[in-house]
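J.: okay, sequence plus prediction incoming.
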Amino acid sequence: MASASPSAENIPTKSCSMGSSLRYHLDYDNELVVFLSGGTAVVETDAGITVTFDWRGRVSVSLPSNYQGAVCGLFGNYNGKAQDDLAMRNGQSSKNGAELGESWQVALVPGCSSVCQGAWCLACYDSHRKKYQAQKYCGIIADLAGPFRDCHSRVDTAPYLEDCVYDACQHHGHQGSVCDAVGVYVSACQSQGIPIRSWRTDAFCLCPSNSHYTLCATGCPATFFFNLPHHLPQGLLKGLRV
């Protein structure tokens with residue numbers, strides 16, 4: 001894809017509505033489009049590549065079928081075989097996510113490290129893992145009778161539960177980090193078209209004041225803030241509604 005430099009005409013402006021500042025979409029000569037879909041940032045290219053970011057920690061990359069078997073890196077090689085998606089740059093399988101990330105590192109940045117450093121870093125001991133694997137925290141992900149039970153056969157709970165427990169350890173069980181981690185599994189299930197049951201309650205991941213949670217909701221109408229390009233997806237989104 002050819003690079004494009006933003007001109008004065010397509011630098012985004014801001015629109016304030018209901019007390020929040022929102023950016024218009026960016027369009028670089030139809031080669032690159034950046035916009036919001038619900039609460040998710042979306043980047044689309046004319047090559048058919050789509051990148052999304054939920055502003056909390058989940059990134060997804062979607063490629064058209066002509067890229068199958070022609071890519072490599074942190075997101076796998078797109079060959080339909082999940083068992084070799086953790087291949088490092090040297091072709092060997094990595095033992096964990098840290099080793100995978102280090103193998104594909106393209107540059108060393110002063111002050112950055114692949115491991116947590118500082119007094120705030122916490123080791124996650126077995127006692128911590130047991131605590132945060134319980135239903136009160138991350139256990140809801142793998143609960144056989146829980147709201148995600150119909151998804152378990154299609155989306156493996158193990159890596160999502162592990163990530164949730166890790167986040168809970170690092171943040172002393174802070175509910176916000178747990179809810180975000182559970183939300184990642186919710187998104188993975190919904191992206192496969194798998195119905196899930198309501199999981200937010202008054203006792204677990206309660207929505208903020210003056211809002212309610214909807215598992216499946218449409219994004220803002222196209223005429224709400226600006227006219228969306230004709231090719232933007234109009235899928236259903238999970239999220240808080242005000």
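T.: It's in.
J.: helix/strand/coil for Asn66?
T.: helix (DSSP: H, G, I helix; E, B strand; the rest coil).
J.: quick one: low-confidence ranges for the protein?
T.: 1-27, 119-120, 122, 208-242 (pLDDT under 70).
J.: name the nearest residue to the residue nearest the centre of the chain, ignoring sequence neighbours.
T.: Taking C-alpha atoms, centre = their mean, the centroid of the chain lies closest to Arg58, which sits 2.0 Å from it. Setting aside the residues directly before and after it, Arg58 is nearest to Val184 in space (C-beta to C-beta, 6 or more residues apart in numbering), at 4.9 Å. C-beta here means a position set from N, CA and C on the backbone, and glycine is covered the same way.
J.: which helices and strands sit right next to the longest helix belonging to the chain?
T.: Across the chain, the helix with the greatest residue count (assigned by DSSP state H) is helix 175-191. Based on contacts counted as 3 or more C-beta pairs under 8 Å, 6 or more residues apart in numbering; DSSP states H and E, the elements that helix 175-191 packs against are helix 158-170, strand 212-218, strand 236-241.
J.: residues contacting the residue nearest to Arg58?
T.: For Val184, the contacting residues are 57-58, 160, 163, taking C-beta atoms under 8 Å, 6 or more residues apart in numbering as the criterion.
J.: how many neighbours does Thr45 have?
T.: A count of nearby residues for Thr45, using other C-beta atoms under 10 Å, gives 14.
J.: test my guess that it contacts Asn30.
T.: No - taking C-beta atoms under 8 Å as the definition, Thr45 is not a contact partner of Asn30, at 9.8 Å.
J.: and the closest residue to Thr157 other than its chain neighbours, how far from His171?
T.: With sequence-adjacent residues excluded and distances taken as C-beta to C-beta, 6+ apart, Thr157 is closest to Ala142, at 4.3 Å. Using C-beta to C-beta, to the nearest Å, one gets 20 Å for the distance from Ala142 to His171.
J.: tell me which of the two has more neighbours.
T.: Applying other C-beta under 10 Å to Ala142 and His171 shows that Ala142 carries more neighbours, namely 19 against 15.
J.: isn't that one right up against Val155?
T.: No - counting by C-beta under 8 Å, Ala142 sits too far from Val155 to count as a contact (11.1 Å).
J.: contacting residues for the closest residue to Gly146 other than its chain neighbours?
T.: Excluding its sequence neighbours, the residue lying closest to Gly146 (C-beta to C-beta, 6+ apart) is Ile140, at 5.2 Å. With contacts taken as C-beta under 8 Å, 6+ apart, Ile140 has the following neighbours: 146-148, 182, 199, 204.
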